[in-house]
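In: quick one, structure for this:
(one chain, ligands or ions: 2)
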Amino acid sequence: MNNFTYQYPVKVCFGDGIAKTAIASELVKYGRNVLLAYGGGSVKRVGIYDEVMSVLKASGKNVTEFSGIMSNPTYEKVQEGAALAKENEIDFILAVGGGSVIDCCKIVSAQAKLSEDIWDLEYGKGGQPKEFIPMGAVVTAFGTGAEMNNGAVITNEEKKQKSPLWGAFYDFAVLDVGYTMTMPMKQVISGAFDTLSHCMETYLGSPRETNLSDEINEAVMRNVIKNMRASLQKPDDRLARSELVWAAAMAENGILKLGKVTDFQCHMLEHQLGAYTDCNHGQGLAVLHPVLYRHMMPDANKQFARLAVEVWGIDPSGKTEEELANAFINALSAFIKEAGLPTTLTEMGIADTDLEAIAKSTIRTGGCAKKLTDDELLSILKECI
Ligand code: NZQ
Ligand code: ZN
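Out: Ligands and ions are numbered 1, 2, ... in the order given. This is a model prediction of the structure:
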């Protein structure tokens, strides 16, 4: 294993029906002025807003609302939130939503304490914010595991770049399985596939020999596949949902990444696809993964072959490493179809976009088994059409 130091700052409150009590007991630790952040209105439709608001009121908080955070949150929306936070002297941010709301608030929390533009600070000067407004996350859509880390994926529309910015860790994350039961099934599946993708992107990093992190990762991947199948069969299966919610957090709480340099090349490509098309994150990954993986052969064959056997249950007897690597990619493709996820960009309605610009602007990652050129990324995108 590579050397590492492990310490984790996020307190996790996990359960079914625990949100009200968990939020109330955490809120007492913070000041009066709370920014309540949420997305496009699902929380109001399903009753989560009323429940959270009742806790805030009972806790004597003075609430400012920051609403309308869109999927693939924009830098402009971050600035709107930061201005609101400054103007209302916000002491604490409560983010109620999925990865988009949770990510947006990480950067709001930092930008509100900065006198300079955070994009310029991080990308222009290579700096990092040091001061933050404390935050809590109430997860209503699982999958990204965004509540567990301090990276936020923000779309800078002006620069045509959907890129990570580094903000604060949440002080606490409330994972109430009940809150996720109203998610549309399509989002359940694309969110769970995002979790599987995070696991694979971590697993495929270096070093390429198995370590303890990889073996734990294999268990998480098997669990996600099993519980996606259970959820497809029975959408209201609360046990399957609870496992998926925790698996999403496990994939991003650092445990699987210990001693590894992660890959995440597929994510970087998907993020740029998102910058140009505003597509659904998990669906974009589903289209890209098998095609990208075929291009990563033979460099990643050893890890692909291990995935075939340990995660997809393929019998290795009589098979070469290359045959097993192919069998893994075939199994992954078949599963994507079985889950009803899209397999082409055309299916996602985004065939007509500037693929060349997407390829060129994609960040290349250090942990990827293959160093991909602009031309190869373009070929991958073209094969996805
Ligand atoms: O906006 P509302 O009306 O709330 O509707 C949302 C949204 O349309 C809806 N929803 C959420 N909770 C619901 C619900 N509908 C019914 N019942 C509920 N309980 O679900 C839709 C999707 O929400 P969103 O937050 O956009 O999805 P997701 O959680 O997949 O987050 C995607 C964002 O996270 C980033 C992605 O790039 C994308 O921008 N990621 C963040 C990561 C991180 N910080 O670690 C890692 C990921 O790789 C990912 O890149
Ligand atoms: Zn992801």
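
In: which stretches of the stretch 151-300 of the chain form strands?
Out: Along the stretch 151-300 of the chain, counting by DSSP state E, counting those that start in this stretch, strands occupy 151-156, 161-166, 172-176.

In: give the buried residues for the first one.
Out: Applying a neighbour-count criterion of 16 or more other C-beta atoms under 10 Å, one finds A152, V153, I154, T155, N156 buried in strand 151-156. Yep, even glycine has a C-beta here, placed from its N, CA and C like the rest.

In: take those residues and lay them out in JSON lines including distance to V245 and pLDDT.
Out: Listed next are these as JSON lines, based on distance: C-beta to C-beta, whole Å; pLDDT from 0 to 100:
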{"residue": "A152", "distance to V245": "20", "pLDDT": "98"}
{"residue": "V153", "distance to V245": "20", "pLDDT": "98"}
{"residue": "I154", "distance to V245": "24", "pLDDT": "98"}
{"residue": "T155", "distance to V245": "26", "pLDDT": "98"}
{"residue": "N156", "distance to V245": "30", "pLDDT": "97"}
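
In: any chance of those residues in CSV, plus distance to ligand 1?
Out: Shown next, in CSV, are these (distance: C-beta to the nearest ligand atom, whole Å):
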residue, distance to ligand 1
A152, 5
V153, 4
I154, 8
T155, 7
N156, 12
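
In: pick out the most distant pair among the residues you listed.
Out: A152 and N156 (11.9 Å; C-beta to C-beta).

In: TSV for the strands of the stretch 151-300 of the chain, including distance to E243?
Out: Converted to TSV, these look like this (distance: least, C-beta to C-beta, whole Å):
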stretch	distance to E243
strand 151-156	24
strand 161-166	27
strand 172-176	12
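
In: OK, contacts around the residue lying closest to V28 once chain neighbours are set aside?
Out: If the residues on either side of it in the chain are set aside, V28 comes closest to S59, at 6.7 Å by C-beta to C-beta, 6 or more residues apart in numbering. With contacts defined as C-beta atoms under 8 Å, 6 or more residues apart in numbering, the neighbours of S59 are A24, L27, V28.

In: ramachandran coordinates for S59?
Out: Taking degrees, to the nearest 10, you get phi -90, psi 0 for the backbone angles of S59.

In: quick check: it vs K260, distance?
Out: 41 Å (C-beta to C-beta, to the nearest Å).

In: which parts of the stretch 201-350 of the chain sit against ligand 1?
Out: Residues of the stretch 201-350 of the chain lying near ligand 1 by C-beta under 6 Å from any ligand atom: E252, H267, H281.

In: so which of those residues belong to helices?
Out: E252, H267, H281 (DSSP state H).

In: could you report the pLDDT at the second one?
Out: Per-residue confidence at H267 stands at 98 (pLDDT).

In: from the residues of the stretch 201-350 of the chain next to ligand 1, which is closest to ligand 1?
Out: Ranked by distance to ligand 1 (C-beta to the nearest ligand atom), these are led by H281 at 4.0 Å.
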